[in-house]
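**Student:** quick check, what structure comes out for this input:
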Amino acid sequence: MKEKPEQDSDLFRQALEGVVPLAPPDRITPSPKPRKNVRRDSPAPSVVADDLSDHGAGDSAVTEFLRPGLSRMTLRKLRRCEWPPQDELDLHGLSSDAARKLLAEFVHEATQRGLRCISVIHGKGWRSEGRDGILKVHTRHWLTQHLHVLAFCEAPTQAGGSGAVWVLLKSS
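**Tutor:** Here you go, the predicted model:
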């Protein structure tokens with residue numbers, strides 16, 4: 001036999017008798033991290049040369065890169081976040097050609113803006129059947145070819161881990 005709605009509400013009130021409501025929390029909701037806007041001295045050209053090659057990328061991604069002639073300490077400092085990323089690019093879902101062009105434009109623009117470190121998110125390539133993802137391999141290969149890139153390493157776990165790289169750029 002089903003009880004009437006009035007009986008339900010009476011039972012509910014009886015069950016809550018003597019219950020004291022919790023005080024509202026005194027927490028502050030964190031605001032999103034603001035993007036750092038670096039003043040541009042000169043406007044970036046609308047067309048950036050696409051001279052990055054896919055040739056020689058191989059099947060596995062390099063985990064780190066250091067331009068010849070630089071100290072290994074540079075790479076260690078990058079890993080330890082002495083140069084925190086000032087901007088990021090997310091390449092998820094892009095084709096290889098679109099990702100290459102966007103990466104070249106982003107690195108060029110970042111150097112024009114005077115940024116020292118950037119983050120490039122390429123993803124891990126989960127559908128790669130035991131191999132590294134195509135974008136992961138190609139992105140890291142393209143970065144080794146870019147003249148403004150001094151070094152890169154995998155991002156810390158909380159910043160994307162093996163699905164992203166932190167890139168140290170030449171200072172202007």
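
**Student:** right, and the helix or strand after the lowest-mean-pLDDT helix or strand in the chain?
**Tutor:** Lowest on mean pLDDT, DSSP states H and E among the helices and strands of the chain sits helix 5-15, with a mean of 86. Sequence-wise, the next helix or strand downstream of helix 5-15 (DSSP states H and E) is strand 64-66.

**Student:** check which helices and strands that next one is in contact with.
**Tutor:** Here strand 64-66 touches helix 72-79, helix 134-145, strand 149-154, going by 3 or more Cβ pairs under 8 Å, 6 or more residues apart in numbering; DSSP states H and E. For every residue, glycine as well, the C-beta is placed using N, CA and C.

**Student:** in that strand, what counts as buried?
**Tutor:** Phe65, Leu66 (16 or more other Cβ atoms under 10 Å).

**Student:** relative to that strand, what are the paired strands and their orientations?
**Tutor:** Strand 64-66 sits in its sheet next to strand 149-154 (antiparallel), going by DSSP bridges.

**Student:** what does the partner strand contact?
**Tutor:** Applying Cβ atoms under 8 Å, 6 or more residues apart in numbering, the external contacts of strand 149-154 come out as 63-67, 70, 74-75, 78-79, 107, 140, 143, 161-162, 164-170.

**Student:** quick one: buried ones out of those residues?
**Tutor:** Buried among the contacts of strand 149-154 by 16+ other Cβ under 10 Å: 65-66, 74-75, 78, 107, 140, 143, 162, 164-169.

**Student:** list the contacts of the residue nearest to the spatial centre of the chain.
**Tutor:** By Cα atoms, centre = their mean, the chain has its centre lying nearest to Ile121, at 4.1 Å. By Cβ under 8 Å, 6+ apart, Ile121 lies in contact with Glu88, Leu89, Asp90, Leu91, His92, Gly160, Gly163, Ala164.

**Student:** filter these down to the ones in strands?
**Tutor:** Judged by DSSP state E, these include Glu88, Leu89, Asp90, Ala164 as members of strands.

**Student:** most neighbours among the contacts of Ile121, which one?
**Tutor:** Ala164 (24 neighbours; other Cβ atoms under 10 Å).
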